[in-house]
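> Whatever this is, show me its structure:
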Amino acid sequence: MNLERLRALHSVFVHGSIAAAAEALHVTPSGVSQQLAKLERETGHRLLEPEGRGVRLTRAGHVLAGHAARVLAQLAAARADLDGLREDAVGPVRLGSFVTAARSVLPEALTVLRERHPGLSPTLLEGEVETVLPALARGDLDVAVVESWDTMPTPMPASVSHALLASDVIDLALPSGHPLARRRAVELAEVRGMRWAAWTAGGTCERQLVQTLREHNLEPDFACNAADYPTQLAFVAADLAAALVPRLGRDPVPDGVRILATRPVIRRKIYAVWRTGEARPAVEACVEALRTVAERLAEERAA
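As a prediction, the model looks like this:
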C-alpha cells in the first residue's frame, strides 16, 4: 500500500472531510479523492461512503485508518531514532522561503549555520507559502520560512510544527509629492484615489494586500503586479502607485518615495515550519540560526 495514500486516508479520518484533509495536506480535494480511489483498488475494500453532501469512513476505512496512524507514527519515530544517533547536525538540509526572507534573512542565517555546523549542506527553494508548505508536507523540504499577516493569518497544517522567528512591521510607501507624504503616520482609509502596487497576481501576498485594504474600507485598484518590492517602490517613485512594504523588504528606498507608519500598525509574523516529529538536529540547527538573524534584523528595522 502506498504511503501517501495511507496519509490521505489518515487525514480524512482526522479532519472529517476530503476538503479539510486536502487543506491540511496542501493539495486539491480531487487529488485526495484520486489517492483514496487508488487505495480502494489496492486494498480491494470500499473505504468511504456518501453521507449527506460529504463522506464517511466505512468499517474497513476505520480499520485501515487506525493502521495508517500507527504506520505514520512508527516512521516518524524511526526517523527520530536514526537522527538521534548523530552527535551533530550533518548532511543535506533543504529550506524553502518566501522572497523577502530569502533575500534578507537566509544569506546571513546560512552563514551562521556554516560557522556553527560545517557538516551541514543547506539548499534553498524560493517561493510563496502556497509553494513551500506543500513541498514541506510532501517531504521535499525540511524547513520552510513563511509569513503570516495579522490581517490574513497563514493556516498551518495539522501535520507541521512552527516557531516564531520575528514580528515585522508593514509601512505605507507613497510618492513624495502626495498630499499625505509629509505626515509621519496615516490611516489607510485616508489614502483614497491611489492605485496600488501588489505582488504576483492571484498569489498569497496579493490576497493579503487585498484583505488588508478592504479591512480599511479601500477597494484595491492595481497599477502593477511585481514579485519584488524594489519594482513596486519604483512605481511609487514614479507617482503611479502606493504600496504596503514590510520593513524587511523595503531596502533600498529610492528617491521620490516617502515611508510612513500606519495607524493602527500593521504587522506580519515570520515563522519557521517543519514536519511534526521530525525536529532532527539539522532542523533544530536551521531554526536556531534563522531565529538569531531574523530577530536581529527585525530589531534593527524597528529602531
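> neighbours of L136, just the number please.
Other residues near L136 number 25, with proximity taken as other C-beta atoms under 10 Å. To be clear about C-beta, it is placed using only N, CA and C from the backbone, and glycine gets the same treatment.
> So which elements touch the helix or strand hosting it?
Assessed by DSSP states H and E, L136 sits inside helix 129-138. With contacts taken as 3 or more C-beta pairs under 8 Å, 6 or more residues apart in numbering; DSSP states H and E, helix 129-138 sits against strand 91-97, strand 120-126, strand 143-149, strand 160-175, strand 266-275.
> Repeat the analysis, applying 6 Å as the threshold.
Other helices and strands packing on helix 129-138, by 3 or more C-beta pairs under 6 Å, 6 or more residues apart in numbering; DSSP states H and E, are strand 143-149.
> what's the weakest-modelled helix or strand in the protein?
One helix or strand of the chain scores below all others by mean pLDDT, DSSP states H and E: helix 59-84, with a mean of 84.
> Restricting the selection to alpha carbons, write the helix or strand encompassing S30 to PDB.
Element membership for S30, per DSSP H and E: helix 29-43. Once non-C-alpha atoms are left out, helix 29-43 reads as follows in PDB (Å, rounded to 0.1, in the frame of the first residue of the first chain):
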ATOM      1  CA  PRO A  29      -9.700  17.800  -2.900                       C
ATOM      2  CA  SER A  30      -9.700  16.000  -6.300                       C
ATOM      3  CA  GLY A  31      -6.100  14.900  -5.500                       C
ATOM      4  CA  VAL A  32      -7.100  13.400  -2.200                       C
ATOM      5  CA  SER A  33     -10.100  11.700  -3.900                       C
ATOM      6  CA  GLN A  34      -7.800  10.200  -6.500                       C
ATOM      7  CA  GLN A  35      -5.400   8.900  -3.900                       C
ATOM      8  CA  LEU A  36      -8.300   7.300  -1.900                       C
ATOM      9  CA  ALA A  37      -9.800   5.700  -5.100                       C
ATOM     10  CA  LYS A  38      -6.400   4.100  -5.800                       C
ATOM     11  CA  LEU A  39      -6.100   2.900  -2.200                       C
ATOM     12  CA  GLU A  40      -9.500   1.300  -2.500                       C
ATOM     13  CA  ARG A  41      -8.300  -0.600  -5.600                       C
ATOM     14  CA  GLU A  42      -5.100  -1.600  -3.800                       C
ATOM     15  CA  THR A  43      -6.900  -3.000  -0.800                       C
END
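> Please identify the buried residues of that helix?
By neighbour count with 16 or more other C-beta atoms under 10 Å, helix 29-43 contains the buried residues V32, S33, Q35, L36, L39, E40, T43.
> Same list (those) but as a markdown table, adding pLDDT and distance to G91.
Putting the buried residues of helix 29-43 into a markdown table (pLDDT from 0 to 100; distance: C-beta to C-beta, whole Å) gives the following:
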| residue | pLDDT | distance to G91 |
| --- | --- | --- |
| V32 | 92 | 32 |
| S33 | 92 | 36 |
| Q35 | 92 | 30 |
| L36 | 93 | 34 |
| L39 | 93 | 32 |
| E40 | 93 | 38 |
| T43 | 92 | 36 |
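> Save the residues you listed as CSV, and put in distance to A241 too.
Shown next, in CSV, are the buried residues of helix 29-43 (distance: C-beta to C-beta, whole Å):
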residue, distance to A241
V32, 40
S33, 42
Q35, 43
L36, 46
L39, 49
E40, 52
T43, 56
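> List phi and psi for S176.
Backbone torsions of S176, given as degrees, to the nearest 10, read phi -60, psi -20.
> if I pick it, what's in contact with it?
Neighbour list for S176: G256, R258 [criterion: C-beta atoms under 6 Å, 6 or more residues apart in numbering].
> For the closest residue in space to A60 that isn't next to it in sequence, report the pLDDT, please.
In this structure, A60 finds its nearest non-sequential neighbour in H45, 3.9 Å apart by C-beta to C-beta, 6 or more residues apart in numbering. pLDDT for H45: 94.
> Renumber starting at 8 from here on
Sure thing, new numbering starts at 8, so read that last one as H52.
> How much space separates H52 from V70?
According to C-beta to C-beta, to the nearest Å, H52 stands 9 Å off from V70.
> Pull up the overlap in contacts between those two.
Joint contacts of H52 and V70 (C-beta under 6 Å, 6+ apart) do not exist.
> ranges for the helices of the stretch 158-307 of the chain?
Counting by DSSP state H, counting those that start in this stretch, the stretch 158-307 of the chain has helices at residues 211-222, 236-244, 288-309.
> In TSV, list the ones you listed along with distance to E154 and mean neighbour count.
TSV is the format used below for those (distance: least, C-beta to C-beta, whole Å; neighbours: other C-beta atoms under 10 Å):
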stretch	distance to E154	mean neighbour count
helix 211-222	8	19
helix 236-244	13	21
helix 288-309	11	19
